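> Here is my input, please return the structure:
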Amino acid sequence: MKKIGIKKKNRWLNIKVENLVFIGLIGYLVVLMIGQQVTLNRNRAAYEEAEQKIIKAQAKQEELNNELDEIGTDEYIEKKAREEFGYVKNDEIVFVVE
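Numbering: from 1, shown residues only. The predicted structure follows:
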């Protein structure tokens, strides 16, 4: 009779150990999934930030291309002369406000 009792006790311990291993495996997988989700969220935020930078760079490139098209024109030269150097035409009257 003692042998039967020992076998039942060992069997109960084996089942308990198997359950602990299973629970440990499930816990490990949950932690792993949470870590992957955090990494995914971080990468998604970096991707969206990079997309915004690309959009801004494309807008700046378009602006520079438009300016490049205007550079040789008389209107552009006149505009830059007035803005940067303060030049005026001969028939214009200049008022200085202090």
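> So which residue is dead centre in this protein?
Per C-alpha atoms, centre = their mean, the C-alpha nearest to the average position across the chain is that of A46, at 1.9 Å.
> distance of that one from T39?
11 Å (C-beta to C-beta, to the nearest Å). C-beta: built from backbone N, CA, C; applies to glycine.
> how many neighbours does the residue nearest to R82 when sequence neighbours are not counted have?
Nearest residue to R82, sequence neighbours excluded (C-beta to C-beta, 6 or more residues apart in numbering): V88, at 7.3 Å. For V88, the neighbour count with other C-beta atoms under 10 Å is 11.
> re the thing from before, can you tell me which helix or strand the residue nearest to the centre of the chain belongs to?
helix 2-70 (DSSP states H and E).
> If you average the pLDDT over that helix, what comes out?
When pLDDT is averaged along helix 2-70, the result is 87.
> Only alpha carbons, please: show the helix or strand following it as CSV.
Per DSSP H and E, the first helix or strand lying C-terminal to helix 2-70 is helix 74-80. What follows is helix 74-80, C-alpha atoms only, in CSV (Å, rounded to 0.1, in the frame of the first residue of the first chain):
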residue,chain,number,x,y,z
ASP,A,74,13.9,91.1,-63.7
GLU,A,75,11.2,91.0,-61.0
TYR,A,76,13.3,88.8,-58.8
ILE,A,77,16.4,90.9,-59.2
GLU,A,78,14.3,94.1,-58.4
LYS,A,79,12.7,92.4,-55.3
LYS,A,80,16.1,91.3,-53.9
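> Show me how far the helix holding A46 is from its chain's centre.
17 Å (C-alpha atoms, centre = their mean, to the nearest Å).
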